[in-house]
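Colleague: here is my input; please provide its structure:
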Amino acid sequence: MPPDAVAKSPRSHLLEELRAQAESVSAKRERAQEVSREVLERIDRRLHAIVQYFDEASKLLQIIGSPIERTFTLAQIAHYQGLSFDRGSVMFRKKQVQRHDVYDHVVVYYTLKGPAPPPVQVTVRRSPEVERMLNAANIEFTSQTDSTVRGGASHNVIHISAGLRCEVRFDPDYEHDSIIVTLRNVDRFEPVILDFQSAALDTDALDDLVNCILGRTSQFLLRAPLRGFGR
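Modeller: This next block holds a predicted model:
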């Protein structure tokens, strides 16, 4: 069959209109997602300052072995007191945003040392629930069947490790010029997520955060709203 004999599909005015609309919507979305260079640089400088601050603070707290002036209680399962700062480190990762090499996140990891909570005896039926709570709180433990019970054990004995693993995570939100701070095992076992405007995480705020870590008087948790709540 000759090439000119092949019938061409009729042009669809509707499809052309939809294509134009789709291109317009895509262009608007790309513009909305663009972040100004000023915002990128401002947040990146702030996160770099946070890395430098906690790199030094962690080393100093580790040398001093600063006492933690608070107790941690997980229901009727684990109770920690008499803790002190053990080891700390700062980790970060970078990524490309609009051809700029910027921070993807910064995490301060640290451990607290102290006496281990006493072993907990729980029924075999409740043991999985307790173990899930310990795992959620990032608490290390071992579980064993109570061998002192005759005729079949009905309880497990859970041995909880001494010390706690804690972290503070900083996630930049370049679109909204903010930094999301997540606290885990800092002042409680439940995670706390705060939404900071980048400029608000200055040196005074970081000093306040260290006081919060040490269990001293601190206003850090009042410096920013919880993530998901308006200012």
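
Colleague: which ones are touching Phe189?
Modeller: The contact partners of Phe189, taken as C-beta atoms under 8 Å, 6 or more residues apart in numbering, are 72, 74, 136-137. For glycine as for every other residue, the C-beta is placed from the backbone atoms N, C-alpha and C.

Colleague: one more time with 7 Å
Modeller: Listed by C-beta atoms under 7 Å, 6 or more residues apart in numbering, the contact partners of Phe189 are 72, 74, 137.

Colleague: same check, this time on Ile160
Modeller: Ile160 sits next to 78, 116-117, 120, 139, 141 when contact means C-beta under 7 Å, 6+ apart.

Colleague: out of the residues you listed, which comes closest to Phe170?
Modeller: Sorting the contacts of Ile160 by distance to Phe170 puts Ile139 at the head of the list, at 23.6 Å, by C-beta to C-beta.

Colleague: gap between Gln52 and Arg45?
Modeller: Going from Gln52 to Arg45 by C-beta to C-beta, to the nearest Å gives 11 Å.

Colleague: ignore the last one, Val25
Modeller: Val25 sits at a distance of 34 Å from Arg45 (criterion: C-beta to C-beta).

Colleague: compare these two (neighbour count), which wins?
Modeller: Between Val25 and Arg45, counted using other C-beta atoms under 10 Å, the more crowded position is Arg45 (13 against 10).

Colleague: residues contacting the more buried one?
Modeller: Remark: with contacts taken as C-beta under 7 Å, 6+ apart, Arg45 is in contact with nothing.
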